[in-house]
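Chemist: Sequence and predicted model, in that order:
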Amino acid sequence: MGAWRVERLGSLALVLLIAGCQRDRAADAAVEPLARAALLDPSHEIWSQNAPSLFRARFETSVGDFVIEANRDWAPRGVDRFYNLVRTGFFDDSRFFRVRAGFIAQFGIPGDPAITAALEDQTISDDPVRKSNLRGFVAYAMTGPDSRATQLFINYSDNSRLDAEGFAPIGRVIEGMEVVDRLYAGYGEDAGGGMRGGKQGKILAAGNEHLDREFPDLDKLVRASIVETDK
């Protein structure tokens, strides 16, 4: 292949890449107002939409990326909520506020307390436990029956003892578990702890402002996005 043809193909690839980026930015700009409206309105129609039967969500963090594959057959109510949280940008610019080495990494409190105020009481009914809380599996945090809302955790080890308490996995980490292992665990329960501990008040009230001031080493959840679906 001649040098001219290689150069031409390279230029064409660059043009296509730029065009694709422009389309992505345009799509993001179109979706953003809708997402913001949904995040501040628990009655918005988006929250009643069903997820695909199987989808993957990429989580970009301050220590790298990981991918969660969610399976609606495992926990339909939980997966529907997770899907809609991801696609509205709920997780974007938040923190992994509870990381306990050998146990779990927890997330799902927004950086913006206005979003927390709108959605924290929007609980969903329980799903039957069809999978076990093994390493890499993802489930909702909760305080008791029918209390799941927006907080989730990733299991660091075999936590199958949680199955009997009703923690129904919605999916599992299929790429980047080594990234999850690197999340900063130095604060343990001090940055807010679990829902049942009753110590999350300051995070719920002030979001990132509180966490970044008092617990600056927490790793950031930069952005979550749907990357693949199976209708």
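Modeler: Done, it's in.

Chemist: how about the helices of the chain, start to end?
Modeler: For the chain, applying DSSP state H gives helices covering 3-39, 76-87, 113-119, 177-181, 201-206, 208-214.

Chemist: buried sites along the shortest one?
Modeler: For helix 177-181, the buried set under the neighbour-count rule, 16 or more other CB atoms under 10 Å, comprises 177, 179-180. (Glycine included, C-beta is placed from N, CA and C.)

Chemist: Gly78: which of those residues is nearest?
Modeler: Each of the buried residues of helix 177-181 was scored against Gly78 by CB to CB, and Val180 proved nearest at 19.0 Å.

Chemist: How confident was the prediction at that closest one?
Modeler: Val180 is assigned a predicted lDDT (pLDDT) of 98.

Chemist: Which residues are in contact with it?
Modeler: Residues in contact with Val180 (CB atoms under 8 Å, 6 or more residues apart in numbering) are 66, 105, 136, 154, 156, 173.

Chemist: now swap in Asn133 and tell me
Modeler: Contacts of Asn133 (CB under 8 Å, 6+ apart): 139, 155, 158-163, 167, 169.

Chemist: Could you save the residues you listed as a markdown table and add columns showing pLDDT, neighbour count and distance to Thr88?
Modeler: Listed next are the contacts of Asn133 as a markdown table, based on pLDDT from 0 to 100; neighbours: other CB atoms under 10 Å; distance: CB to CB, whole Å:
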| residue | pLDDT | neighbour count | distance to Thr88 |
| --- | --- | --- | --- |
| Ala139 | 98 | 29 | 21 |
| Asn155 | 98 | 24 | 25 |
| Asp158 | 98 | 12 | 33 |
| Asn159 | 98 | 19 | 28 |
| Ser160 | 98 | 14 | 32 |
| Arg161 | 98 | 10 | 33 |
| Leu162 | 98 | 19 | 27 |
| Asp163 | 98 | 17 | 29 |
| Phe167 | 98 | 22 | 24 |
| Pro169 | 98 | 25 | 22 |
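
Chemist: Just those residues: which are in strands?
Modeler: Judged by DSSP state E, the contacts of Asn133 include 139, 155 as members of strands.

Chemist: which of the contacts of Asn133 lies closest to Pro145?
Modeler: So of these, ranked by how close each gets to Pro145 (CB to CB), first place is Phe167, at 11.7 Å.

Chemist: Nearest spatial neighbour of the closest one, chain-adjacent residues omitted?
Modeler: Ala139 (4.4 Å; CB to CB, 6 or more residues apart in numbering).

Chemist: quick one: low-confidence parts of this structure?
Modeler: Applying pLDDT under 70 to the chain picks out residues 1-34, 197, 231.

Chemist: any idea how far Asp126 lies from Ile154?
Modeler: Per CB to CB, to the nearest Å, Asp126 is found 20 Å from Ile154.

Chemist: Glu178 too?
Modeler: Distance from Glu178 to Ile154, by CB to CB: 12 Å.

Chemist: Show me the residue at the heart of the chain, geometrically.
Modeler: Phe91 (5.2 Å; CA atoms, centre = their mean).

Chemist: How is the chain partitioned into domains?
Modeler: 1-39, 45-230 (automatic domain parsing).

Chemist: from those, which stretch is densest packed?
Modeler: Mean neighbours per residue, mean count of other CB atoms under 10 Å, is largest over the domains of the chain for domain 45-230, with a mean of 18.

Chemist: what's the top strand by length along the chain packed up against?
Modeler: Assignment by DSSP E gives strand 220-230 as the longest strand of the chain. Here strand 220-230 touches strand 54-61, helix 76-87, strand 94-95, going by 3 or more CB pairs under 8 Å, 6 or more residues apart in numbering; DSSP states H and E.
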